[in-house]
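**Student:** Sharing a model that was predicted from the sequence below.
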Number of protein chains: 2
Amino acid sequence: MDEVFKALADASRRSLLDRLHAKNGQTLNELCDGLAMTRQAVTKHLGVLEAANLVTTLRHGREKLHYLNPVPIHQIGERWIKKFERGKLTALSELKRRLEKRDE
Amino acid sequence: MDEVFKALADASRRSLLDRLHAKNGQTLNELCDGLAMTRQAVTKHLGVLEAANLVTTLRHGREKLHYLNPVPIHQIGERWIKKFERGKLTALSELKRRLEKRDE
DNA sequence: ATAATAGGCAACCAAATGGTTGCATGTCAA
DNA sequence: TTGACATGCAACCATTTGGTTGCCTATTAT
């Protein structure tokens, strides 16, 4: 799970995921299009995403097609985010109570 | 939102959030307890978490109490994770279709 | 008053990160 | 078969990151 969090930490990589979300199965060059980065930089980012299992690839001749794998993101939501969502309101109200208590 | 993702990218910081989740309102020294890090390193991590608005602090005399703020995490779930969860099954089945198509 | 406690600040360091350029390889089309 | 195209690989570079040590300040307790 650490790899997934680290992969998501970079804005360029998140935007690559966004692009794949909009259109799945793009080639490397397709994904480079319009980005202010060299192809090699994009390759590295896709490598990180692949290592985190957020992207799966499929060779088709000389092309490499990239597919979004949303499962790890889903798992982060399930295993991690939900845990912190639970306390959302209680934590804030507790803080509010303490802040008010300060003036006693 | 970028700051939140980056803050969550580090395992030590996530574990600090876990600790605050377990017991809210801890002091710096309390949070250092049992960690293989100097107090100053923990201070830095807490600084990153504070900058990302994931932790709110409250001075109480010479102590600094740290409170978890789950709102940014909730927002990531709402604004980002849910978007990718939607395509979870369809994306995989599409990939499966393509993989099978390969052998035609 | 003074010692102990809680935390803040700054300089420094090694390693990781995000990017580059240059060149090599594999595949398709004319 | 040969040139163009899609990608891979490696060396290199600057900046960021995660950590350290050393010292300073503020508050509390004796």
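**Tutor:** All right, it came through fine.

**Student:** low-confidence ranges in chain A?
**Tutor:** A:87-104 (pLDDT under 70).

**Student:** all strands of it, in order?
**Tutor:** In chain order, chain A shows strands spanning A:55-60, A:63-68, with DSSP state E as the criterion.

**Student:** what's the most buried one of these?
**Tutor:** Of all the strands of chain A, strand A:63-68 carries the top mean neighbour count, a mean of 19, counting by mean count of other C-beta atoms under 10 Å in any protein chain shown. All C-beta atoms are positioned from the backbone trio N, CA, C, and that covers glycine.

**Student:** how about the residue nearest to residue A:39 when sequence neighbours are not counted, what does it touch?
**Tutor:** Distance criterion C-beta to C-beta, 6 or more residues apart in numbering or on different chains; nearest residue to residue A:39, sequence neighbours excluded, is residue A:32 at 5.0 Å. With C-beta atoms under 8 Å, 6 or more residues apart in numbering or on different chains as the criterion, the residues that contact residue A:32 are A:38, A:39, A:42.

**Student:** Considering these, which possesses the most neighbours?
**Tutor:** residue A:42 (19 neighbours; other C-beta atoms under 10 Å in any protein chain shown).

**Student:** if we can go back for a sec, which ones among the contacts of residue A:32 lie within helices?
**Tutor:** A:39, A:42 (DSSP state H).

**Student:** Residue A:41 and chain B: what is the separation?
**Tutor:** With the distance defined as C-beta to the nearest C-beta, to the nearest Å, residue A:41 ends up 18 Å from chain B.

**Student:** give me the number of residues near that residue?
**Tutor:** The criterion is other C-beta under 10 Å. On that basis, residue A:41 has 13 neighbouring residues.

**Student:** since we're on the residue lying closest to residue A:13 once chain neighbours are set aside, how many residues are nearby?
**Tutor:** Distances taken as C-beta to C-beta, 6+ apart put residue A:45 closest to residue A:13, at 5.0 Å, once the chain neighbours are dropped. Here the neighbour count serves as a burial measure; for residue A:45 (other C-beta under 10 Å) it reads 21.

**Student:** cool, residue A:12 as well?
**Tutor:** So residue A:12, with other C-beta under 10 Å, has 14 neighbours.

**Student:** Next: the one 5 residues further on.
**Tutor:** Burial measure for residue A:17: 22 neighbouring residues, criterion other C-beta under 10 Å.

**Student:** That one touches residue A:54, doesn't it?
**Tutor:** Yes - Residue A:17 is in contact with residue A:54 according to C-beta atoms under 8 Å; the separation is 6.5 Å.

**Student:** Quickly list what's touching both of these two.
**Tutor:** Residues touching both residue A:17 and residue A:54 comprise residue A:68, with contact defined as C-beta under 8 Å, 6+ apart.
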